[in-house]
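Colleague: Need coordinates for the below:
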Amino acid sequence: MTKSNISFYTGLFFIFVMLFSCNRKASTFEITGKLDNVSGNYFFMSHEVGDSLIVDTIPISSKGEFSFSGVVDTLAEMSLYFNQNTKVAYLLVEKGWHVELKGDVLYPDLINIKGGDVNDDLTAFKNKNKDLLKSRADIAASSNDSAAVKDYVVKLKNVNFELSNIAANYVKENPDKIASVMLINTFFKDESSIPRLDENLGLLKGKAADFPLTTNLKHFRDKVKMSTIGAVAPGFSVEDRKGKKVSLSDYRGKYVSLSFVSTTCKVCISEKEEALKAYNELKLKKQDIEFITIVKDIEEASADSIANSVKWPLLPVKGGWSANLFDTYYIREIPYNILISPTGVILDRDYPILDLPKKMEEYRLN
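Modeller: So this is what the prediction gives:
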């Protein structure tokens, strides 16, 4: 190979390296900050890529200073977990963004996050409503006082309602901003807020309507609607512990109390006695109702402790929280009860099992 050829290929190599470096730099984001009250010398940051969850461990100094850089293809939401994952903050990153954080992790909602239009918009919203956000954090911190639990619940509900109204007004005034999507996700992504979630999603326009989180919120809304009060209960056909098929359609014409429990849940096991008491009371009154219990985590522990003395079908399912019936009925806590009418319509969700005899008396009178 001649000297001229060597020079030519060497030049091409360096051009390639420069182009690669420039392209990587253009795709890189940087997050830096100084945070107070961080316990330990690291925290976690996670984000989703397709169906995968990427988790990074971020070192942080004794002064609360940290720096991190990474690469993204498009606008992405990052979740930051502090103090043994008890405090959580959120931010967004995009190619070329330098995001700066400053604040106290004891008040994650009040951390100032600057850098990128979405972060700037959300920080402006937080600063405008910092008194309410701080009040909410203080109320939540006082929830450990068992004597004040009732007062805590009322106060928290009032503050959240006020904040949700402010968020709804923000969405109405800024339907094309990604920040509006983030606020919808914060204030309206729960089972009890589906009508408001639906309403606010319908306001979104432009890039906000096309944002991936918007699609996720619509999927969440549709899933919850499938088993919300007033919806026709999703059908199923599952084998019981003896291999006999049990179908919801077999109980058409009767009320059904559908319970979701786990073999590893101590509360579920103790609540079984309450379920037996309610069942016996209803049968004594000759109420036309049947019980069905769906049991997860059979891979981890036997269902014997739950099945013992139970006089109704007990249906074991595999897959933990992702088990088909838990997913279909949108079950996120246990024990959880759902009441289904003789025509197959969901009448109630998340009621104490001991309240069922009284509920059934009310339905009978109506």
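Colleague: where in this structure is pLDDT low?
Modeller: Low-confidence segments of the chain, defined by pLDDT under 70: 1-26, 143-150, 365-366.
Colleague: what are the ranges of the helices in it?
Modeller: Counting by DSSP state H, the chain has helices at residues 3-27, 117-128, 130-141, 149-173, 178-187, 194-201, 206-210, 212-226, 266-284, 304-307, 324-328, 356-365.
Colleague: what's the angle between the third one and helix 117-128?
Modeller: By that I understand helix 130-141. Inter-element angle recorded for helix 130-141 and helix 117-128: 80 degrees (by axes from the mean of the first three to the mean of the last three C-alpha atoms, to 10 degrees).
Colleague: Can you give the distance from helix 130-141 to the centre of its chain?
Modeller: 21 Å (C-alpha atoms, centre = their mean, to the nearest Å).
Colleague: same deal with stretch 40-48?
Modeller: Its chain's C-alpha centre and that of stretch 40-48 lie 18 Å apart, by C-alpha atoms, centre = their mean.
Colleague: List the buried residues for it?
Modeller: 43, 45, 47 (16 or more other C-beta atoms under 10 Å). In short, each C-beta sits where N, CA and C put it, glycine included.
Colleague: Touching that stretch from outside, list them.
Modeller: 31, 53-62, 66, 68, 76-85 (C-beta atoms under 8 Å, 6 or more residues apart in numbering).
Colleague: repeat for stretch 218-233
Modeller: Residues contacting stretch 218-233 (C-beta under 8 Å, 6+ apart): 189, 191, 194, 197-198, 201, 234, 248, 256, 258, 327-330, 338, 340, 344-349.
Colleague: ok, now stretch 174-191?
Modeller: 75, 77, 90, 92, 117-118, 121-122, 125, 160, 163-164, 167-168, 170-171, 193, 196-197, 200-201, 203-209, 211, 213-214, 217, 220, 224, 228, 330, 332, 349.
Colleague: Out of the contacts of stretch 40-48, which end up buried?
Modeller: By 16+ other C-beta under 10 Å, the contacts of stretch 40-48 give 31, 58, 60, 66, 68, 76-78, 80-82 as buried.
Colleague: now these in a markdown table, with distance to residue 305?
Modeller: Formatted as a markdown table, the buried ones among the contacts of stretch 40-48 follow (distance: C-beta to C-beta, whole Å):
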| residue | distance to residue 305 |
| --- | --- |
| 31 | 47 |
| 58 | 42 |
| 60 | 44 |
| 66 | 46 |
| 68 | 46 |
| 76 | 44 |
| 77 | 41 |
| 78 | 41 |
| 80 | 39 |
| 81 | 34 |
| 82 | 37 |
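Colleague: Counting neighbours, which of the contacts of stretch 218-233 end up buried?
Modeller: Buried among the contacts of stretch 218-233 by 16+ other C-beta under 10 Å: 189, 194, 197, 201, 248, 256, 258, 329-330, 338, 340, 344, 346-349.
Colleague: how's this structure carved up into domains?
Modeller: 129-226, 237-365 (automatic domain parsing).
Colleague: Tabulate the ones you listed (CSV), appending distance to residue 112.
Modeller: Shown next, in CSV, are the domains of the chain (distance: least, C-beta to C-beta, whole Å):
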stretch, distance to residue 112
domain 129-226, 10
domain 237-365, 31
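Colleague: between those, which gets nearest to residue 98?
Modeller: domain 129-226 (18.0 Å; C-beta to C-beta).
Colleague: What's the end-to-end length of that closest one?
Modeller: Using C-alpha to C-alpha, to the nearest Å, one end of domain 129-226 lies 35 Å from the other.
Colleague: Now residue 84. Nearest residue, chain neighbours left out?
Modeller: Nearest non-adjacent residue to residue 84, counting by C-beta to C-beta, 6 or more residues apart in numbering: residue 39, 7.2 Å away.
Colleague: list the contacts for the one you found?
Modeller: Counted by C-beta under 8 Å, 6+ apart, residue 39 has contacts 82-84.
Colleague: that older thread, of the helices of the chain, flag the one that's most buried.
Modeller: Neighbour counts (mean count of other C-beta atoms under 10 Å) averaged over each of the helices of the chain peak at helix 178-187, with a mean of 23.
Colleague: Ramachandran angles for residue 83?
Modeller: phi 50, psi 70 (degrees, to the nearest 10).
Colleague: ok, so what distance separates it from residue 135?
Modeller: Using C-beta to C-beta, to the nearest Å, we find residue 83 at a distance of 21 Å from residue 135.
Colleague: Equivalent analysis for residue 235, please.
Modeller: Residue 235 sits at a distance of 45 Å from residue 135 (criterion: C-beta to C-beta).
Colleague: again, but for residue 217
Modeller: Distance from residue 217 to residue 135, by C-beta to C-beta: 26 Å.
Colleague: Ok, residue 214 next?
Modeller: In this view, residue 214 and residue 135 are 29 Å apart by C-beta to C-beta.
Colleague: Okay then, goodbye and thanks.
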